[in-house]
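Chemist: This is the structure alone, sequence omitted:
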């Protein structure tokens, strides 16, 4: 137990540091932000992601908000030729656009969005292993413009990630009927 305390303290310090440095969308309009999004690009230092990224395809996410302001996200990923469903719930923090996931020790920021074309999410994850960071590019359509990709690649560097951690996910409609 005592040996775990320094690790826990470092993990909490990491989360505080990440939370303090990540900008959020000012006055996030949850009604405009809610709906169907496609995860078209991800950059992450997570070792599991880095091993799997070459086999990943675009996924579909449905984002909704609870009456108390919490963010619910349903994801369907094509992994190993199967549709895998995930449901995540993030509690609203005191800052609009910032959410936390207590059970899974996740910290989510809606960095920016124009609501109708793209959104950039920053996620810090403190699991059992080492902390990881991910930046996700969500788009309303699966198409990814060169300008938007360039903007995303510039943002990757601002959060301490590198371009070699980037995966541009190919289009997929394999699991779209499974998202409900």
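Modeler: Looks like it came in fine. Just so it is clear, the model here is predicted, and its values are computed rather than measured.
Chemist: Just name the shakiest helix or strand of this structure by mean pLDDT.
Modeler: The helix or strand of the chain with the poorest confidence is helix 4-21; it has a mean of 40 (mean pLDDT, DSSP states H and E).
Chemist: For the helix or strand following it, buried residues please.
Modeler: As assigned by DSSP states H and E, the chain's next helix or strand after helix 4-21 is helix 30-33. For helix 30-33, burial by neighbour count (16 or more other Cβ atoms under 10 Å) applies to 30, 33. (C-beta placed from N, C-alpha, C; glycine too.)
Chemist: Which elements pack onto helix 30-33?
Modeler: Using 3 or more Cβ pairs under 8 Å, 6 or more residues apart in numbering; DSSP states H and E, the elements in contact with helix 30-33 are strand 59-65.
Chemist: For the strand it packs on, buried residues please.
Modeler: Buried-residue list, strand 59-65, by 16+ other Cβ under 10 Å: 59, 60, 61, 62, 63, 65.
Chemist: strand partners of it, parallel vs antiparallel please.
Modeler: strand 35-44 (antiparallel), strand 71-79 (antiparallel) (DSSP bridges).
Chemist: tell me the mean pLDDT over the shortest one?
Modeler: Across strand 71-79, the average pLDDT comes to 88.
Chemist: cool, the first one as well?
Modeler: Strand 35-44 shows an average pLDDT of 96 in the prediction.
Chemist: Quick one: residues in contact with it.
Modeler: 49-50, 53, 56, 58-63, 75, 119, 132-142, 144, 149, 152, 156, 161-163, 165-169, 179 (Cβ atoms under 8 Å, 6 or more residues apart in numbering).
Chemist: got the strands paired with strand 59-65 as CSV, with distance to residue 107 and mean neighbour count columns?
Modeler: Below are those laid out as CSV (distance: least, Cβ to Cβ, whole Å; neighbours: other Cβ atoms under 10 Å):
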stretch, distance to residue 107, mean neighbour count
strand 35-44, 14, 21
strand 71-79, 12, 19
